[in-house]
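Asks: Turn this into a model:
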Amino acid sequence: MDIREYLDSTYLKLSSQSGLTEEQTLEEVKKLTEQAIENHFYLVMIRPEYIKKVKEMILKVDSEVKVGTVIGFHEGSYTINEKVAEAQKAIENGVDELDYVINYEAFKMGDIDLIKNEFITGTSLGLKASKVVKWIIEVAALTDEQIKSICSYFSTWAQENFEKNDFGKIFVKSSTGFYKAEEGKPNGATFHAMEIMLKYSQPLPVKAAGGVRTYDEAVKMIKMGVKRIGTSSAKALSEKGNTNDSY
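Replies: Numbers count the residues shown, from 1 in each chain. Modelled structure (predicted):
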């Protein structure tokens, strides 16, 4: 199996999180992009402020690598208007895919109308611009029942509000990779969580992100039915290696 076509090669750390300067962070993003182009990964996932630069690098060499960014990252608590504004700017800057963080804390509080509005509004914006949209649910913050519930809602709302031929462009994604889980507990994708997501998100595709650390884990998730894998160690995984990175 050539897993490169499933990999979203990712760098989302702020300078304050990595201890790097702004210039050094940009260099890391450039290196990630060059590596993705060289290795033919599916996509590079970066912060919104780097979209233009990364897009220019990819177009300059006529590469097919896609550019994705995160919206409402990483807590998901931004208002819908803030998320829409951020997404619209990303679209104008040439992004190919939008990974929204759903307001999972509002969902846990029972505010289903709020997350329904986010899902429909954010998805509509992306689809109208011919973009792929992914919804990050942050599995480490949810119980099994909550994962089942939110995935079922997304499936229902997609089928009620969008065309069948658009379903493949509306992903449900496991994690940001930045959630602070309780000591010893995983903060991203697990086989158990992905199994629930795959079952209840149908007919929407699923992306595993956060915690996929070995080639064998990636292959197993792909065989389970996962369509994309977000990782900050795409090269290591593509070379059948392992990584200790959290994302």
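
Asks: The residue nearest the centre of the chain pairs with what?
Replies: With the centre of the chain defined as its mean C-alpha position, the nearest residue by Cα atoms, centre = their mean is Asp99, 4.8 Å away. Bridge pairing for Asp99 (DSSP bridges) gives the partners Val70, Lys134.

Asks: what sits against Ala234?
Replies: Arg4, Leu7, Asp8, Ser9, Thr10, Gln35, Ala36, Asn39, Phe41 (Cβ atoms under 8 Å, 6 or more residues apart in numbering). For glycine as for every other residue, the C-beta is placed from the backbone atoms N, C-alpha and C.

Asks: which residues does the residue nearest to it when sequence neighbours are not counted contact?
Replies: Leaving aside its sequence neighbours, Ala234 sits nearest to Ser9 (Cβ to Cβ, 6 or more residues apart in numbering; 3.8 Å). By Cβ under 8 Å, 6+ apart, Ser9 lies in contact with Leu32, Gln35, Ala36, Phe41, Leu43, Val44, Met45, Thr231, Ser232, Ala234, Lys235.

Asks: Tell me which stretches of this protein form strands.
Replies: 7-11, 43-46, 66-71, 97-101, 132-136, 170-173, 206-209, 228-231 (DSSP state E).

Asks: Make TSV out of these and add distance to Met109 and mean pLDDT.
Replies: Putting the strands of the chain into TSV (distance: least, Cβ to Cβ, whole Å; pLDDT from 0 to 100) gives the following:
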stretch	distance to Met109	mean pLDDT
strand 7-11	29	97
strand 43-46	29	98
strand 66-71	21	98
strand 97-101	16	98
strand 132-136	18	98
strand 170-173	20	98
strand 206-209	24	98
strand 228-231	27	97
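
Asks: Of these, which is nearest Asn81?
Replies: Among the strands of the chain, strand 66-71 comes nearest to Asn81, with 12.2 Å by Cβ to Cβ.

Asks: can I get the contacts of Ser9 in JSON lines with distance to Pro186?
Replies: Shown next, in JSON lines, are the contacts of Ser9 (distance: Cβ to Cβ, whole Å):
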{"residue": "Leu32", "distance to Pro186": "24"}
{"residue": "Gln35", "distance to Pro186": "26"}
{"residue": "Ala36", "distance to Pro186": "26"}
{"residue": "Phe41", "distance to Pro186": "24"}
{"residue": "Leu43", "distance to Pro186": "23"}
{"residue": "Val44", "distance to Pro186": "24"}
{"residue": "Met45", "distance to Pro186": "20"}
{"residue": "Thr231", "distance to Pro186": "14"}
{"residue": "Ser232", "distance to Pro186": "16"}
{"residue": "Ala234", "distance to Pro186": "20"}
{"residue": "Lys235", "distance to Pro186": "23"}
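
Asks: out of the residues you listed, which one sits closest to Glu105?
Replies: Among the contacts of Ser9, Met45 lies closest to Glu105 (Cβ to Cβ), at 22.9 Å.

Asks: Can you verify my assumption that that closest one contacts Val65?
Replies: No - look at Met45 against Val65 with Cβ atoms under 8 Å: they stay out of range, at 11.0 Å.

Asks: Check the residue lying closest to Ile196 once chain neighbours are set aside and give its pLDDT.
Replies: Distances taken as Cβ to Cβ, 6+ apart place Ile147 nearest to Ile196, at 4.9 Å, with adjacent residues excluded. The per-residue pLDDT reported for Ile147 equals 98.

Asks: Thanks a lot, catch you later.
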